[in-house]
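Engineer: when you get a sec, could you give me coordinates for this:
(2 chains)
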Amino acid sequence: MNLFAEIKTVVLEAVARLAAEGVLPGEPATSEIMAGITVEPPRDASHGDMATNAAMVLARPAGVRPRDLAEKLAPLLEADDRIAEVTVAGPGFINLRLAPALWHGVIGAVLAEGADFGRSKMGAGQRVNIEFVSANPTGPLHVGHTRGAVFGDALASLLDFAGYRVSREYYINDGGAQVDVLARSAFERYREAHGLNPEIAEGLYPGDYLVPVGEALKAEFGDTLLDQPEDAWLEKVRDFATAMMMDLIRADLKALGVVMDVFYSEKSLYGSGRIEATLADLEARGLIYQGVLEPPKGRLPEDWEPRPQTLFKSTEYGDDVDRPIRKADGAWTYFAPDIAYHKDKIDRGFDLLIDVWGADHGGYVKRMKAVVAALSDNRVPLDIKLCQLVKLYKDGEPFKMSKRAGVFVTLREVVDEVGADVTRFVMLTRKNDAPLDFDFVKVLEQSRDNPVWYVQYAHARIRSLMLRAGEAGLETGDSTLASAALAGLIDDAELGLMRKLAEFPRLVETAATHHEPHRVAFYLYDLASEFHSWWNRGQDQPALRMIRDDDPGLSRARLALARAVQVVISAGLGILGVTPINEMK
RNA sequence: GGCCCCGUAGCUCAGCAGGAUAGAGCGGCCGCCUCCUAAGCGGCAGGUCACAGGUUCGAAUCCUGUCGGGGUCGCCA
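Structural biologist: Now for the predicted structure:
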């Protein structure tokens, strides 16, 4: 149920009737113009429950004045039972006040639909591939990855809720030089496991998370690799260590509540002919050539020298320069397998691709979009969401990470310290492209400026309320509450809360179209705020208390509203992957 | 220098598909617990939405330019 969509159809029908009666002269409104018609909550609640800009949008093509058109639309709208009052305001807004019963109906819808309230068919079953995390398999996930993991996972849930068929995917960078470095690093730990002194040379991974890998290598291979030249052991050790790192990463993700549908190996592309075939495809379109790039503008790198190389003509699709796909030594750049990988996603039939990257990869957005546009003949959109840095604090003090010493704050440490639910919610309290401050102390604080706690508190309060109601002899089952007579809910706080609940389905759709799960978190904060406010009105005015010993009917109505709030909080948290709590500790 | 992101209250940030008098939290000041969780609520103060143009009936929102902050810039991923 989406009340805004429902009322919008009323508006559109009224417009159609005017058109049929010839009241809309001039050119017939195009579908583009019609799409500009909105039905929204007005910014100022005193204007009414909903406002539509229909008259202002249609006035120009019709060649009439907005207010005149609004005056003609008004009586048609007022004729509908669901609309109690229509006023024309400002430059031509039509403000609608809905019949209270309509708001009351929201409560019924929430209680009937439960966790599915707000679920949308917007996506129409389109298939979406969301690739996220995709960290190099060379060590445990750290905080930066955590943000991407939470964002991608919540976005996936959001799109699923909005009616898309979603696949969560992780691209394993197991084909490049970094996994050879991993192998060499692990080999030193293998030597260490045999009682030898490891030589962690500059450029190797020093972290002691490789110590168990060394032990495991010893268990697997005994001492058979010890005196062998690198050629003999590199591949074995690399595959072994990569597999162990992926186990580690999978476990880290699981601790955060993230489960991937697909792990896609970069290495699997090598030797399969897929890279060559994809590049041949591009070549057939005239998009691959040998050429010499202009040096970058401005400050020239020290070792710059013009060099002919194999280039992809990404400028054909909006990039700034063409991009190399082979290194000087003839090996592929990382871009080449990435092209093949995205081609594979297109071939698997997805209608929409989403990549979630760290902001430091921003320079690669254009070339990736260019290649997907080229390979899909502009049919498959690719949206790339960049996640900004996470800055760590401990009670206001910046928390330094030293990557060189292999000391960095891992996903696991964050989750162990504050829990997966808190981690997830906090990671979504900023837009993805804004930097995020994460304070280990403040995220656990129990105060209003900690949104996680504040939202959870509302949920727990309602739980507590239901227990109280039960003790007072009131039935609190959903079916009982769903049949409550709601006409007594007329206080501003109550109507406001119902309006807020009615916004949820619409919010889900906007958040989904923008690929912005943080909007759900902000909505929940607002909803919680309105609930706390309502609660406290009962503190000030006993007549507004939710449990009224003298009026079981009204109590039931208010409990139904409270329960509906709880259900929507729970549904919203569900999208974010956060478990609602029932009791504050 | 090129490209990308950002610039909204003292601070941290929202701003819904361009809509009416721009919002919240923190900090400051003033109130509310014999009462369902005061871990909360209400109120007051605080803004040239970086700046200048443009499109529009209407711009914090879209376009161009300037300034400021961050990221990134062939053979790392």
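
Engineer: gap between A:L392 and RNA strand B?
Structural biologist: Distance of A:L392 to RNA strand B, computed by Cβ to the nearest atom of the strand, to the nearest Å: 13 Å. Heads up, the C-betas are built off the backbone N, CA and C, glycines and all.

Engineer: buried set for stretch A:358-368?
Structural biologist: Within stretch A:358-368, the residues scored as buried using 16 or more other Cβ atoms under 10 Å are A:G358, A:Y364, A:V365, A:K366, A:R367, A:M368.

Engineer: export those residues as TSV, with columns for distance to A:D180, pLDDT and secondary structure.
Structural biologist: Listed next are the buried residues of stretch A:358-368 as TSV, based on distance: Cβ to Cβ, whole Å; pLDDT from 0 to 100; DSSP: H, G, I helix; E, B strand; the rest coil:
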residue	distance to A:D180	pLDDT	secondary structure
A:G358	23	91	strand
A:Y364	22	92	helix
A:V365	28	92	helix
A:K366	29	91	helix
A:R367	25	93	helix
A:M368	25	95	helix
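
Engineer: count of neighbours near whichever residue of the stretch 451-585 of chain A sits closest to RNA strand B?
Structural biologist: At 2.3 Å from RNA strand B, A:G538 is the closest residue in the stretch 451-585 of chain A, using Cβ to the nearest atom of the strand. As a burial measure, A:G538 scores 16 neighbours (other Cβ atoms under 10 Å).

Engineer: what do you get for A:I33?
Structural biologist: Look at A:I33: counted by other Cβ under 10 Å, it has 15 neighbours.

Engineer: just the C-alpha atoms of the one helix or strand it maps to, please, in CSV.
Structural biologist: Assessed by DSSP states H and E, A:I33 sits inside helix A:31-35. Below are the C-alpha coordinates for helix A:31-35, written out as CSV (Å, rounded to 0.1, in the frame of the first residue of the first chain):
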residue,chain,number,x,y,z
SER,A,31,4.2,11.7,-21.0
GLU,A,32,7.3,13.6,-20.0
ILE,A,33,5.2,16.4,-18.7
MET,A,34,2.8,14.1,-17.0
ALA,A,35,5.8,12.4,-15.3
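
Engineer: adjacent strands (with direction) for the next helix or strand along the chain from it?
Structural biologist: Sequence order places strand A:39-40 as the next helix or strand after helix A:31-35, per DSSP H and E. Within its sheet, and counting by DSSP bridges, strand A:39-40 is paired with strand A:50-52 (antiparallel).

Engineer: following element in sequence after the strand it pairs with, please.
Structural biologist: helix A:54-62.

Engineer: report the buried residues of the helix or strand following that next one.
Structural biologist: Sequence-wise, the next helix or strand downstream of helix A:54-62 (DSSP H and E) is helix A:66-78. Judged by neighbour count (16+ other Cβ under 10 Å), helix A:66-78 contains these buried residues: A:P66, A:R67, A:L69, A:A70, A:K72, A:L73, A:A74, A:L76, A:L77.

Engineer: list the buried residues of the helix or strand bottoming out on mean pLDDT in chain A.
Structural biologist: Ranked by mean pLDDT, DSSP states H and E, the weakest helix or strand in chain A is helix A:31-35, scoring a mean of 74. Residues of helix A:31-35 include none that count as buried (16+ other Cβ under 10 Å).

Engineer: now A:I581, what's its secondary structure?
Structural biologist: At A:I581 the chain is in coil, as set by DSSP: H, G, I helix; E, B strand; the rest coil.

Engineer: what's near enough to touch it?
Structural biologist: By Cβ atoms under 8 Å, 6 or more residues apart in numbering, the contact list for A:I581 reads A:D421, A:Q456, A:H459, A:A460.

Engineer: let's go with 10 Å and repeat that
Structural biologist: With contacts defined as Cβ atoms under 10 Å, 6 or more residues apart in numbering, A:I581 is in contact with A:D421, A:W453, A:V455, A:Q456, A:Y457, A:H459, A:A460, A:R463, A:L573.

Engineer: what of A:E131?
Structural biologist: Residues counted as contacts of A:E131 (Cβ under 10 Å, 6+ apart) are A:152, A:167-171, A:260, A:262, A:264, A:341-342, A:345, A:353-357, A:384.

Engineer: now do 6 Å
Structural biologist: A:E169, A:Y171, A:D355 (Cβ atoms under 6 Å, 6 or more residues apart in numbering).

Engineer: for it, give me phi and psi.
Structural biologist: Phi and psi for A:E131, reported as degrees, to the nearest 10, are phi -100, psi 120.

Engineer: leaving out sequence neighbours, find the closest residue to A:L217.
Structural biologist: Once flanking residues are discounted, A:L217 sits nearest to A:Y190: 4.1 Å by Cβ to Cβ, 6 or more residues apart in numbering.

Engineer: so which bits of the stretch 301-450 of chain A are right by RNA strand B?
Structural biologist: Contact residues (Cβ under 7 Å from any atom of the strand) of the stretch 301-450 of chain A with RNA strand B: A:301, A:303-307, A:309, A:320, A:324, A:327-329, A:331, A:333-334, A:359-366, A:386, A:388, A:430-431, A:433-435, A:437, A:446-449.

Engineer: just the buried members of these?
Structural biologist: In those, the ones that pass as buried (16+ other Cβ under 10 Å) are A:Q309, A:P324, A:T333, A:Y334, A:Y364, A:V365, A:K366, A:L386, A:Q388, A:R430, A:K431, A:D437.

Engineer: any chance of these in a markdown table with secondary structure as columns?
Structural biologist: Shown next, in a markdown table, are these (three-state DSSP):
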| residue | secondary structure |
| --- | --- |
| A:Q309 | strand |
| A:P324 | strand |
| A:T333 | coil |
| A:Y334 | coil |
| A:Y364 | helix |
| A:V365 | helix |
| A:K366 | helix |
| A:L386 | strand |
| A:Q388 | coil |
| A:R430 | coil |
| A:K431 | coil |
| A:D437 | strand |
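
Engineer: let's verify the residue of the stretch 451-585 of chain A closest to RNA strand B: helix, strand, or coil?
Structural biologist: Secondary structure for A:G538, judged by three-state DSSP, is helix.

Engineer: ok, it touching A:I547?
Structural biologist: No. Applying Cβ atoms under 6 Å, one finds A:G538 not in contact with A:I547, separated by 8.8 Å.

Engineer: can you show me the CA trace of stretch A:259-267 as PDB?
Structural biologist: Only the C-alpha atoms of stretch A:259-267 are listed here, as PDB (Å, rounded to 0.1, in the frame of the first residue of the first chain):
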ATOM      1  CA  VAL A 259      26.800 -13.200   2.600                       C
ATOM      2  CA  MET A 260      27.800 -13.100  -1.000                       C
ATOM      3  CA  ASP A 261      25.900 -15.000  -3.700                       C
ATOM      4  CA  VAL A 262      28.900 -15.200  -6.000                       C
ATOM      5  CA  PHE A 263      32.600 -15.100  -5.700                       C
ATOM      6  CA  TYR A 264      34.100 -14.500  -9.100                       C
ATOM      7  CA  SER A 265      37.800 -15.200  -9.600                       C
ATOM      8  CA  GLU A 266      39.900 -12.900 -11.700                       C
ATOM      9  CA  LYS A 267      42.300 -15.800 -12.300                       C
END
